[in-house]
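Novice: Pasted the sequence and its predicted model underneath.
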There are 2 protein chains.
Amino acid sequence: MPVNLPAPVAADLHPVAGVRIGVTEAGVRKANRKDLTVFLLDEGTTVAGVFTQNRFCAAPVQVGREHLQAGKGIRAMVINTGNANAGTGAAGLANARATCAALGKELGLAPEQILPFSTGVIMEELPVDRIVAGLPQAIAAARADNWATAAEGIMTTDTQPKAYSRQLQVGGKTVTVTGISKGAGMIRPNMATMLGFVATDAAIDPALLQGLVKELADGSFNRVTIDGDTSTNDSFVLMATHQAGHAPIASWDGVEAQALKAALLDVARLLAQAIVRDGEGATKFITVQIDGGKTEEECRLAAYAIAHSPLVKTAFFASDPNLGRILAAVGYAGITDLDQTAIDLFLDDVHVVVNGGRNPSYQEADGQRVMKQQEITVRVVLGRGNASQTVWTCDFSHEYVTINADYRS
Amino acid sequence: MPVNLPAPVAADLHPVAGVRIGVTEAGVRKANRKDLTVFLLDEGTTVAGVFTQNRFCAAPVQVGREHLQAGKGIRAMVINTGNANAGTGAAGLANARATCAALGKELGLAPEQILPFSTGVIMEELPVDRIVAGLPQAIAAARADNWATAAEGIMTTDTQPKAYSRQLQVGGKTVTVTGISKGAGMIRPNMATMLGFVATDAAIDPALLQGLVKELADGSFNRVTIDGDTSTNDSFVLMATHQAGHAPIASWDGVEAQALKAALLDVARLLAQAIVRDGEGATKFITVQIDGGKTEEECRLAAYAIAHSPLVKTAFFASDPNLGRILAAVGYAGITDLDQTAIDLFLDDVHVVVNGGRNPSYQEADGQRVMKQQEITVRVVLGRGNASQTVWTCDFSHEYVTINADYRS
């Protein structure tokens, strides 16, 4: 059961002029399952992406990076579920290239104008024949108002599709931002078995796009963690079709440019948080906020030590205010000169720890009350400076073990 | 159910001349439970220890370090379970000191001649009155042949006591090495909610002892991990009573000195591995061996990435040869210039991955056969150099979640 994550309503997902999406059943791994999605992008669309930092990155990630660098203009994307095409060696690379070539042939594009994405089981050969055979049907199904179907089409262990949409005014024109994401396990920054696709019809100077996608990822997908496992396939792609009709945005100065960036970040962050809300076995959505650090980096260390600790996460699952486990995680986070007597800990509004010791006025009943909530903020004040960082995670339940022990069966 | 970890047989645990141990029920947290243990050490015993690297270290760790540095000669140790006296601020330090003062008074020793140890729940006040009240009874119960009882007396979530003993000849005399350990969760290097106590009647130059205890820890307790959580209280103590009657060992050169060190390492390693075998919810004992690294440090990174991955550990629990998860963990371990096409993976004798891709001759049935075993060796060959590292871990089961979600209830 996802945590406060209603299914998207198709009517709320505004089409993005210049983007059409087709979804079909190609039988990649299982029959009767939407497992093949294509994005068709009008000419003039600019595309930027960030990819997993995992050194064992999947074949489609390697090929996608190459194609972005080729600079021929990305005009389509192809996404399959059921098989990650990772740990597949030279054959995997050939299969990713063959998929792009086949889609390019159907569309009259060069293979370098296609980005491939795969998600699913690692280390099994991609059934490229079935994928190629499904492409004409996916293309034929392409429509501008297909975002909700696409959100379903890219799901793996997700229990809920994930899609958000925003509109705003830029230069007197309505601009749309719409995106989808998937991922429910193997989630941690840089990045996750996480796919995120956000499109806007805004006109954004292509020179700004790579910096923008990095900034959006750092504020969204790179702040979520479920189990600390960084996947081989994570990708986040931003598409700008330039069709909204306003004057191109050439810098982020100005109220409207900032509003556009805020809308993009809002969609990216909701998509990232949706992945945590649908985290494998999640029953709670946890915000971990570290304040008072000397540097953002040490805040990040402390935040992830808490967010990755199985002991902390099982305590959240049990609604047990066993908050010493949080202190212990801060202690081993790697801040070598940490002074434990400067640390305060809050659970929502409850002040649990003062100066590294139990707050004399803390009542376990107050901690228990917060721990029973579905949404909890853990705030640690390090008492060393003014830096802050926030990450989002979920608890660790029996269901996580069940899902991951049974994934391939 | 621990993995291949039979209960120690009291008759196999040789007393160490100069060491007496008493155990009693002090009602620290629960009634009718052996929860207070004292070690009484003859004059002339030398003692060295290594402690948790957690910056949020517990009060007894802070006091123990001070007392070792005071150099007055450690003559006794006091260990309570049920309460870790961690996250307890100034009151916790006062309570640890009060415990040492009380035991010193009973024994006619200075407080600085006592080492205190606590294990159990974090962030609750130590019931020092009940501990102090129990000391006379623990002292009265002290006997040389009490190692098996002590192994029980220091247990928390352990399901099995842990104790090993070895004898060898040094300088024509019989030398004994006997030790106990506890710990079943919050286990990772440097170190764990892990207590280890090893005593020998060998005569070892006191100048060698601190280096020896560090070397033993690095070869044993610092190579085990259950859940990646480093505790606030971990301690490993080595006692040498000098009563075996041989000429003191002044260097590690020579066959007999090496044999003594090997026996000490053997006991320390068995004690550390016993903690993994009794890991919370463990159903399998996994050896992770990394070969072919450029440096030992990068081998350690890869070994711990595998050993800490919840996805890898749940796959072991399920006996599912979902070995791509292992490759993914190696990929995010932090070896920035890793070449995935140089990597081989073995599961015991089964060659699963060649040059970063699936071995053409690999049959899933072979992987399945190994995964069903209770003891499994995962070997990754990085193909970059000659460095190696080994760590030991366990799988991740439903029972882990149950234990940690219910710990305090």
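Specialist: Sure thing, it's come through.

Novice: mind checking which helix or strand A:Gly134 is in?
Specialist: In the assignment (DSSP states H and E), A:Gly134 maps to helix A:128-140.

Novice: next helix or strand past that helix?
Specialist: helix A:147-153.

Novice: Please work out the average pLDDT along that following helix.
Specialist: Averaged over helix A:147-153, pLDDT sits at 96.

Novice: and the helix or strand following that helix, which strands flank it?
Specialist: Sequence-wise, the next helix or strand downstream of helix A:147-153 (DSSP H and E) is strand A:162-170. Sheet pairing of strand A:162-170 (DSSP bridges) gives strand A:173-182 (antiparallel).

Novice: can you pull out the helices in the stretch 1-150 of chain A?
Specialist: A:59-70, A:89-107, A:128-140, A:147-153 (DSSP state H, counting those that start in this stretch).

Novice: close to chain B, is the third one?
Specialist: No - contact check for helix A:128-140 against chain B, using Cβ under 8 Å from any Cβ of the partner chain: none in range, with a minimum separation of 15.3 Å. C-betas here are computed from N, CA, C, even on glycine.

Novice: In the stretch 101-250 of chain A, where is pLDDT below threshold?
Specialist: For the stretch 101-250 of chain A, the stretches flagged by pLDDT under 70 are A:184-193, A:226-231.

Novice: how does it look with 80?
Specialist: A:184-193, A:225-233 (pLDDT under 80).

Novice: What's the nearest residue in it when you look at chain B?
Specialist: Chain B sits closest to A:Ile122 of the stretch 101-250 of chain A, with a gap of 2.5 Å, by Cβ to the nearest Cβ.

Novice: Next, count neighbours for that residue.
Specialist: A count of nearby residues for A:Ile122, using other Cβ atoms under 10 Å in any protein chain shown, gives 28.

Novice: And for A:Asn83?
Specialist: If we define neighbours as other Cβ under 10 Å, then A:Asn83 has 26 of them.

Novice: Is it in contact with A:Leu126, as I believe?
Specialist: Yes - using Cβ atoms under 8 Å, A:Asn83 is in contact with A:Leu126, at 5.2 Å.

Novice: anything in contact with each of the two?
Specialist: Common neighbours of A:Asn83 and A:Leu126 (criterion: Cβ atoms under 8 Å, 6 or more residues apart in numbering or on different chains): A:Ser118.

Novice: Straight-line length of stretch A:280-288, end to end?
Specialist: End-to-end span of stretch A:280-288 (Cα to Cα, to the nearest Å): 19 Å.

Novice: Apologies, that question was intended for stretch A:287-305.
Specialist: End-to-end for stretch A:287-305, by Cα to Cα: 13 Å.

Novice: Check the offset of it from the chain's centre.
Specialist: 20 Å (Cα atoms, centre = their mean, to the nearest Å).

Novice: Report the buried residues of it.
Specialist: A:287-293, A:298-305 (16 or more other Cβ atoms under 10 Å in any protein chain shown).

Novice: Among the residues you listed, which ones are in helices?
Specialist: Using DSSP state H, the members of these that fall in helices are A:Glu298, A:Cys299, A:Arg300, A:Leu301, A:Ala302, A:Ala303, A:Tyr304, A:Ala305.
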